[in-house]
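Undergrad: Okay, structure incoming, though there's no sequence with it:
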């Protein structure tokens, strides 16, 4: 029969009974400590891994949500632009076949649109409005311009001789109020 290493060492007289028991106790204590820490370490590793996975999932969800919001905003902007283009197409006046131009300023640049004297008078009076569509600048009636402005205020670029957003009220006190301009003045 085979004897354990402990029994063999005791029989040979290399260790005493007391030393053998002490070695056994130390071995069992080490084994218990190993068992205590091993599941805890595994749990810690698993929980850290799960936490990292959750963080990755949360970051991915946030990115997906942001991407979804951007796509939704782009789709809404595209739909608004399509509505504006449709309104312009339905209500625009045909381009005047003339060499005369009506000049207006947008963003510090002078823009032109073909307009004869009658169209120019209607633009100045506010009856017609200049709007920006996909195809450039067009003339539309003021009523249509109101509907276009509801969808995008930047699409209405010129109305009645004033830019949108410009103050329409005259200054409270005009310094030249009492001075009349002579009718025969030539420039």
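TA: Nice, thanks for sending it over. Here the structure is a predicted model, which means the values were calculated and not measured.
Undergrad: now stretch 49-68: mean pLDDT?
TA: For stretch 49-68, the mean pLDDT works out to 91.
Undergrad: What are the buried residues along it?
TA: Neighbour counts over stretch 49-68 (16 or more other C-beta atoms under 10 Å) mark no residue as buried. For the C-beta atoms, the positions are set from N, CA and C on the backbone; glycine is no exception.
Undergrad: repeat for stretch 129-145
TA: 129-133, 137-140, 144-145.
Undergrad: Tell me which of the residues you listed fall in strands.
TA: Applying DSSP state E to those, the entries found in strands are 129-133, 137-140.
Undergrad: Using CSV, lay out those residues together with distance to residue 177 and pLDDT.
TA: Below are these laid out as CSV (distance: C-beta to C-beta, whole Å; pLDDT from 0 to 100):
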residue, distance to residue 177, pLDDT
129, 30, 91
130, 31, 91
131, 35, 92
132, 37, 89
133, 41, 82
137, 36, 89
138, 38, 90
139, 34, 91
140, 36, 92
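Undergrad: Number of residues surrounding the residue nearest to residue 120 when sequence neighbours are not counted?
TA: Spatial nearest neighbour of residue 120, excluding adjacent residues (C-beta to C-beta, 6 or more residues apart in numbering): residue 102 at 5.2 Å. Other residues near residue 102 come to 21 when the count uses other C-beta atoms under 10 Å.
Undergrad: tell me the angle of the particular helix or strand that has residue 59 in it relative to strand 128-133?
TA: Element membership of residue 59 [criterion: DSSP states H and E] is helix 17-91. If you take axes from the mean of the first three to the mean of the last three C-alpha atoms, to 10 degrees, helix 17-91 sits at 140 degrees to strand 128-133.
Undergrad: Let me know the angle separating helix 17-91 from strand 136-141.
TA: Using the same axes, to 10 degrees: helix 17-91 against strand 136-141 is 60 degrees.
Undergrad: by contact count, what packs against helix 17-91?
TA: On a contact count with 3 or more C-beta pairs under 8 Å, 6 or more residues apart in numbering; DSSP states H and E, helix 17-91 meets helix 5-12, strand 128-133, strand 136-141, helix 142-151.
Undergrad: between those, which gets nearest to residue 26?
TA: Nearest to residue 26 among the helices and strands packed on helix 17-91 is helix 5-12; the distance by C-beta to C-beta comes to 12.9 Å.
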